[in-house]
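Enquirer: coordinates only, sequence not included:
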């Protein structure tokens with residue numbers, strides 16, 4: 001197991017250290033589970049009471065922590081620096097450069113230097129892949145694709161014909177880039193005629209797409225995922241969509257065709273959009289929200305149909321009281337009817 005002194009770790013991450021620099025660190029863990037020789041982090045003050053019980057050797061925090069035995073790694077962004085520390089201590093296994101004898105690479109294709117192509121992987125005709133690619137067993141790259149440097153395609157991922165992918169892109173297991181968009185034209189007799197999906201999917205630099213996600217090709221033109229976007233597992237990106245720079249799209253979210261997400265949009269789990277709308281820069285869509293209209297810049301929305309989150313939270317509170325409110329309304333209605341009935345001795349208003 002690799003270990004590093006706390007002083008060296010602080011220097012490597014650019015953190016200020018309050019504590020003994022000679023302590024040896026061999027790993028990272030959570031506040032609850034960390035033990036001696038491990039570091040943890042405090043990024044949310046609501047977890048501050050747990051710091052007093054931690055057994056960690058050091059804690060990433062925004063300021064020096066008093067009253068605890070652990071050292072403090074003072075950081076402007078504790079969660080970010082904790083993630084960087086995790087990358088120091090855990091290095092996933094990597095394929096060795098070379099082409100497995102069972103892999104199939106078309107003679108017209110070019111794979112850059114330092115590439116690793118695993119067992120039963122298939123690379124079609126007229127494909128160009130940059131340097132240091134890692135293509136795992138059973139991954140498939142269709143004809144005519146252009147892919148940049150440091151590309152990773154995990155097992156059973158697929159890149160369909162003519163798609164374009166930038167540098168440092170990672171496709172996790174079961175991802176499909178450029179599968180057919182869902183497009184059909186209805187005939188007068190009720191039958192469905194398939195619309196040829198003649199466009200492509202373009203994935204820009206530094207994009208990561210996690211397991212079993214589909215990014216469909218456009219019927220015409222392109223579907224585009226812009227630089228730095230991170231897409232979780234089981235996400236559906238419909239044909240003709242644009243996913244903006246540094247977007248976060250969480251598991252089971254779905255974008256109907258021609259949805260546009262501008263930069264720094266967050267789509268939480270199981271959220272979705274109707275087609276042909278724009279979710280503007282910096283907007284956040286709460287979990288399970290259904291967006292049917294454009295969302296303004298830096299707005300937070302929730303609910304289905306989605307609306308401004310403060311109003312939605314008030315509506316959620318009111319919703320739980322609806323049975324009681326309905327009971328009260330019925331009681332008031334009966335009282336009014338009784339008051340206005342002829343037997344009550346008065347005339348209706």
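Expert: Okay, I see it. Every value quoted in this text rests on a predicted model; they were computed, and no experiment measured them.

Enquirer: quick one: terminal-to-terminal distance for stretch 317-326?
Expert: For stretch 317-326, the first-to-last residue distance is 15 Å (CA to CA, to the nearest Å).

Enquirer: what do you get for stretch 172-191?
Expert: 36 Å.

Enquirer: One more: stretch 224-241?
Expert: Start and end residues of stretch 224-241 are separated by 6 Å (CA to CA).

Enquirer: and what of stretch 167-181?
Expert: 25 Å.

Enquirer: Can you tell me which helix or strand of this protein has the lowest average pLDDT?
Expert: Lowest on mean pLDDT, DSSP states H and E among the helices and strands of the chain sits helix 48-51, with a mean of 85.

Enquirer: neighbouring contacts of it?
Expert: When contacts are defined by CB atoms under 8 Å, 6 or more residues apart in numbering, helix 48-51 is touched by residues 31, 32, 42, 59, 61, 65, 68, 70. The way it works is simple: take the backbone N, C-alpha and C, and place the C-beta from them, glycine included.

Enquirer: repeat that for 7 Å
Expert: When contacts are defined by CB atoms under 7 Å, 6 or more residues apart in numbering, helix 48-51 is touched by residues 31, 32, 42, 59, 65, 68.

Enquirer: and after it, which helix or strand comes next?
Expert: Downstream of helix 48-51, the next assigned helix or strand under DSSP states H and E is strand 58-61.

Enquirer: Starting from the helix or strand following that next one, tell me which strands it pairs with and how they run.
Expert: Note on strand 58-61: by DSSP H and E, the next helix or strand toward the C-terminus is strand 71-74. If you go by DSSP bridges, strand 71-74 pairs up with strand 16-18 (antiparallel), strand 58-61 (parallel).

Enquirer: As JSON lines, those with mean neighbour count would be great.
Expert: Below are the strands paired with strand 71-74 laid out as JSON lines (neighbours: other CB atoms under 10 Å):
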{"stretch": "strand 16-18", "mean neighbour count": "16"}
{"stretch": "strand 58-61", "mean neighbour count": "26"}
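
Enquirer: How far away from the center of its chain is the least confident helix or strand of the chain?
Expert: Remark: helix 48-51 is offset 28 Å from the chain centroid, using CA atoms, centre = their mean, to the nearest Å.

Enquirer: Please point out which parts of that helix sit buried.
Expert: For helix 48-51, the neighbour count (16 or more other CB atoms under 10 Å) marks residue 51 as buried.

Enquirer: With stretch 123-141 instead?
Expert: Buried-residue list, stretch 123-141, by 16+ other CB under 10 Å: 123-124, 127-130, 132-141.

Enquirer: confidence score at residue 348?
Expert: Residue 348 is assigned a pLDDT of 49 by the prediction.

Enquirer: mind checking the longest helix of the protein?
Expert: If you go by DSSP state H, the chain has its longest helix at helix 322-340.

Enquirer: Quick one: mean pLDDT over that one.
Expert: Computed over helix 322-340, the average pLDDT equals 90.

Enquirer: For that helix, name the packing helices and strands.
Expert: If contacts are counted by 3 or more CB pairs under 7 Å, 6 or more residues apart in numbering; DSSP states H and E, helix 322-340 sits against no helix or strand.

Enquirer: ok, which stretches of this protein are helices?
Expert: Shown for the chain, the helices assigned by DSSP H span residues 6-13, 48-51, 78-89, 309-320, 322-340.

Enquirer: can I get those in a markdown table with distance to residue 169?
Expert: Below are the helices of the chain laid out as a markdown table (distance: least, CB to CB, whole Å):
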| stretch | distance to residue 169 |
| --- | --- |
| helix 6-13 | 26 |
| helix 48-51 | 37 |
| helix 78-89 | 18 |
| helix 309-320 | 33 |
| helix 322-340 | 48 |
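
Enquirer: Quick one: closest of those to residue 302.
Expert: Nearest to residue 302, of all the helices of the chain, is helix 309-320, at 4.0 Å by CB to CB.

Enquirer: any idea of the angle the closest one forms with helix 322-340?
Expert: Using axes from the mean of the first three to the mean of the last three CA atoms, to 10 degrees, the direction of helix 309-320 lies 60 degrees away from that of helix 322-340.

Enquirer: Make TSV from the strands paired with strand 71-74 and add mean pLDDT and distance to residue 315 to it.
Expert: Shown next, in TSV, are the strands paired with strand 71-74 (pLDDT from 0 to 100; distance: least, CB to CB, whole Å):
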stretch	mean pLDDT	distance to residue 315
strand 16-18	96	45
strand 58-61	96	37
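
Enquirer: I'd like those as TSV, with distance to residue 234 appended.
Expert: Below are the strands paired with strand 71-74 laid out as TSV (distance: least, CB to CB, whole Å):
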stretch	distance to residue 234
strand 16-18	41
strand 58-61	31
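
Enquirer: can you list the weak-confidence ranges in the stretch 51-200 of the chain?
Expert: Along the stretch 51-200 of the chain, the model assigns pLDDT under 70 to no residue.

Enquirer: which one is residue 316 nearest to, not counting chain neighbours?
Expert: In this structure, residue 316 finds its nearest non-sequential neighbour in residue 303, 7.7 Å apart by CB to CB, 6 or more residues apart in numbering.

Enquirer: For residue 287, see how far away the one you found is.
Expert: Noted for residue 303: a distance of 11 Å to residue 287, by CB to CB, to the nearest Å.

Enquirer: now residue 164
Expert: Distance from residue 164 to residue 287, counting by CB to CB: 32 Å.
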